[in-house]
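> For reference, the sequence and a predicted model appear below.
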Amino acid sequence: MFDKLDQIFVTALHWLVSFVPEAWRSLASSLICIAFILSVFPAVFSVTTIFERKGIGRIQNRYGPNRVGIPFTKIRLAGFGQFIPDGVKMLTKEDIVPRAADKIVHFLAPVVMLIPVLLAYAVLPFGRNMTVTDYDAGLLFFFAVGGAVELSVFMAGWSSRNKYSLLGAMRAIAQMVSYEIPLILSAVTVVMVVGSLNLNAIIAHQNQYTFGIAHWFVFTPWGLVGFILFFIASLAESNRTPFDLPEAESEIIAGYFTEYSGFKFALFFLGEYLGMFAIIGLGITLFLGGWTSPVSFLTWIPSYVWFFTKLMAIVFVFIWIRATLPRLRMDQLMNFAWKFMLPLALINILVAGLWHYMAADWQRWLVCSTIIFGAYVILGRGLMHNQKLGKRIYRYAE
Amino acid sequence: MTALQGCLLISALLFAIGFAGAVTRRHAILVLIGIELMLNAANLNFIAFWRFGPHPEALTGFMFVLFSMALAGAEAAVGLALVIAIYRHKKTSNLDEVKELKG
Amino acid sequence: MSIFFILTAIVTLFAAASAMSLRNLVHCALALAVSFTGIAALYLQLDAQFVGFAEILVYVGAIAILIVFAILLTRSGEAPENSVLTSGWMAGIAISAMVFTLLGWAVLNSSAIPKENPPAPVATVKNVGDALMTKFVLPLEIIGLVLTAAMIGAVIIALKESSKSETAGRES
């Protein structure tokens, strides 16, 4: 019975496809999968926006949206209907294009942003047997299409003919290029241990249980460090606080999409959130066991429920960080990526190799943890070198 | 015309386009773009010969392309660094004005 | 050859031609990115999945971005007023046309080209990795060395000259 529930979407897909003539089945199957992605993830996006506004409101001790419920009724739902008027407002606003703008590039930028982000979902496993295309080199595909997002950011920033847009775009590209390296290097450890770039093979490797606890990579020393590095790099890749320099409102208005309004702005907004979900989904797949359950007695819960629970949990951490931490400075951002994360990621690769070849007993844990902890301490001290941190002094205007 | 001949013709045309751009355009970055296109034409040839050639399991053409991609990355990095250095020195990136190899 | 292959090839060649002929350099770089994507699609249709993805990762994700950065750093984002062609551009076009004619003639008349298409070869990631670590391990190491050298060289070339002259001044 639970197996049926687990596979309900797969069965539904097969059932729907069986109505189509033989020759068109593969096409129909992919179209249905595309429709699934195009409907589910924007829905998750709209729910996330309202969670984000309410969550940040709660953390900052204010109300947040609490009025709008279901339209044309008296039901209020504590403000959870806010995304409907938000969306209507976004889509009906006037679309303003600056006179000096490069019209074609300005028009294409949001489209170019959204296409690679949506393509990235093609290889993510949402549940058991729920991968749209099971590429042999799925991880490589994910990173390859992720690289195209930078180009769209540049297109948006350059074509607007606005200094703030261009500054934001240059900041965004510099940040994305720098943080892509620790992102990929932290994923390499998983590839080394599993021996495959296929995301389903990576999940299958983690879908085993000892004493009722899953073999998730985050429960190993290198996996924990890899996950934390991946997490920080994915914060930077999705331009979230504390890495939101590309759109720092207090400095450069809104960064590369300053000159966008209406529907195109909505596309950028959607693209940014969908990119965030995709990269979180990849992090879940690599380190948190994808759709598997953490303990063996909970395996009856359907796999997609696990996936989306983990996704929303990490989205919550993202929101929490956004409400808590201040923005970094540009030199701090670069120093952190190149002087701390990159060496730590390289050492982590070494540790993953050791872990793979040492005998599975307590010595392995001791050696790997010691190396990583030592590297962390040394690199952290190097980063804090020459940083005079004293008591904070306040200067008041006189 | 077989599929292999089609691929080779495409890559020949790509090479000719890249070559024409590299020798006719004035801007240094465009010359580099032309060189990248020529390299890509060569890569396409390697992949076509690997795909339609007699011993694909040896992966020779395949590997050649991977290595040449890495080399293209190195070439682009050094070439663009040179362009930036020349620009900083002479305030131009027009190749007609950069004729002598001295500061 | 399927219709889709021919369409991809046409898009690729058109994008390459516009990358070499547009006046605005940023447009050239964007057309170049389209052309690289088209070449990656050609690789995918030639059953070289790994190379196709690597092409997008390296060329669109890195080299196109690098070119765009260089364009902005040399302040050549605007279309120039005067001619964009070198003085001897007609000779260049003629030579490249000749190169294409010669290559095309050779390709169409060669007897070395096999007449029938072999079945699609398999190049899984595992095969590629095995080959890289056994048969091609020496080239792999050399490529690593070359990349490191290129990176250091690029950093040194692009370093600020003021700091160099400062140290030189201090020495003298």
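Noted; the coordinates are in hand.

> so who does the spatially most central residue of chain C touch?
Nearest to the mean C-alpha position of chain C, by CA atoms, centre = their mean, lies C:Y59 at 6.5 Å. C:Y59 is in contact with B:36, B:40, B:69, B:72, C:33, C:36, C:39-40, counting by CB atoms under 8 Å, 6 or more residues apart in numbering or on different chains. All C-beta spots, glycine's among them, are computed from the backbone N, C-alpha and C.

> quick one: average pLDDT of the host helix or strand of A:I32?
According to DSSP states H and E, A:I32 maps onto helix A:25-59. In this model, helix A:25-59 has a mean pLDDT of 86.

> I'd like to know which elements the helix or strand following that helix is packed against.
Note on helix A:25-59: by DSSP H and E, the next helix or strand toward the C-terminus is helix A:83-92. Other helices and strands packing on helix A:83-92, by 3 or more CB pairs under 8 Å, 6 or more residues apart in numbering or on different chains; DSSP states H and E, are helix A:25-59, helix A:262-287.

> which two in the contacts of C:Y59 are spaced the farthest apart?
Farthest pair in the contacts of C:Y59 (CB to CB) is B:M69 and C:A33. Separation: 15.4 Å.

> can you list the residues that contact stretch A:52-67?
By CB under 8 Å, 6+ apart, stretch A:52-67 touches A:50, A:76, A:78-80, A:82, A:316, A:319-320, A:322-324.

> if we can go back for a sec, mind checking which of B:M69 and C:A33 has more residues around it?
C:A33 (25 against 21; other CB atoms under 10 Å in any protein chain shown).

> The closest residue in space to the more buried one that isn't next to it in sequence - how many residues pack around it?
Of all residues not flanking C:A33 in the chain, C:A64 sits nearest, at 4.2 Å (CB to CB, 6 or more residues apart in numbering or on different chains). Neighbour count of C:A64, defined by other CB under 10 Å: 27.

> can you check the one 4 residues further on too?
Residues near C:V68, counting by other CB under 10 Å, number 26.

> Check which helix or strand it maps to.
helix C:64-73.

> now the closest residue to A:R128 other than its chain neighbours: how far from chain B?
Using CB to CB, 6+ apart and skipping the chain neighbours, the partner closest in space to A:R128 is A:S303 (4.3 Å). Look at A:S303 and chain B: by CB to the nearest CB, to the nearest Å, they are 36 Å apart.

> Tell me the residues of chain C that contact chain A?
Residues of chain C that fall close to chain A, judged by CB under 8 Å from any CB of the partner chain: C:26-27, C:30, C:33, C:37, C:49-50, C:53-54, C:56-57, C:60-62, C:64-65, C:68-69, C:72, C:77, C:124-126.

> residues touching the closest residue to chain A within chain C, list them.
When distances are taken as CB to the nearest CB, chain C reaches nearest to chain A at C:G61, 2.3 Å away. With contacts defined as CB under 8 Å, 6+ apart, C:G61 is in contact with A:143-144, A:146-148, A:150, A:180.

> repeat that with 7 Å
Neighbour list for C:G61: A:144, A:147-148, A:150 [criterion: CB atoms under 7 Å, 6 or more residues apart in numbering or on different chains].

> do C:L44 as well
C:L44 neighbours (CB under 7 Å, 6+ apart): C:G52.

> element containing it?
Per DSSP H and E: helix C:25-45 holds C:L44.

> Let's see that helix as CSV, backbone CA atoms only.
Extracted C-alpha coordinates of helix C:25-45, given in CSV (Å, rounded to 0.1, in the frame of the first residue of the first chain):
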residue,chain,number,x,y,z
LEU,C,25,31.8,43.6,-29.3
VAL,C,26,29.4,42.6,-26.6
HIS,C,27,27.0,41.3,-29.3
CYS,C,28,29.9,39.4,-30.8
ALA,C,29,30.6,37.7,-27.5
LEU,C,30,26.9,36.8,-27.0
ALA,C,31,26.7,35.4,-30.5
LEU,C,32,29.9,33.4,-29.7
ALA,C,33,28.1,31.9,-26.7
VAL,C,34,25.2,30.9,-28.9
SER,C,35,27.7,29.3,-31.4
PHE,C,36,29.3,27.3,-28.6
THR,C,37,26.0,26.1,-27.4
GLY,C,38,25.2,25.0,-30.9
ILE,C,39,28.5,23.1,-31.1
ALA,C,40,27.7,21.4,-27.8
ALA,C,41,24.3,20.3,-29.3
LEU,C,42,26.2,18.9,-32.3
TYR,C,43,28.4,16.9,-30.0
LEU,C,44,25.3,15.5,-28.2
GLN,C,45,23.9,14.4,-31.5
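
> got the angle for that helix vs helix C:64-73?
Angle, helix C:25-45 to helix C:64-73, by axes from the mean of the first three to the mean of the last three CA atoms, to 10 degrees: 170 degrees.

> Work out the gap between helix C:25-45 and the centre of the chain.
9 Å (CA atoms, centre = their mean, to the nearest Å).

> After it, which helix or strand is next?
helix C:49-55.

> Counting by contacts, list what that next one packs against.
helix A:138-159, helix B:60-90, helix C:25-45 (3 or more CB pairs under 7 Å, 6 or more residues apart in numbering or on different chains; DSSP states H and E).

> let's see 6 Å
The contact analysis (3 or more CB pairs under 6 Å, 6 or more residues apart in numbering or on different chains; DSSP states H and E) places helix C:49-55 against helix A:138-159, helix C:25-45.

> Buried deepest among the ones you listed, which one?
helix A:138-159 (a mean of 25; mean count of other CB atoms under 10 Å in any protein chain shown).

> which helices and strands sit right next to that one?
Partner elements for helix A:138-159 (3+ CB pairs under 6 Å, 6+ apart): helix A:103-120, helix A:163-194, helix C:49-55.

> Identify all contacting residues around it.
Helix A:138-159 is contacted from outside by A:101-102, A:105-106, A:109, A:112-113, A:116, A:119-120, A:123, A:135, A:165-166, A:168-169, A:172-173, A:176, A:184, A:197-199, A:256-257, A:282, C:26, C:33, C:53, C:56-57, C:60-61, C:65, C:68, using CB atoms under 6 Å, 6 or more residues apart in numbering or on different chains.
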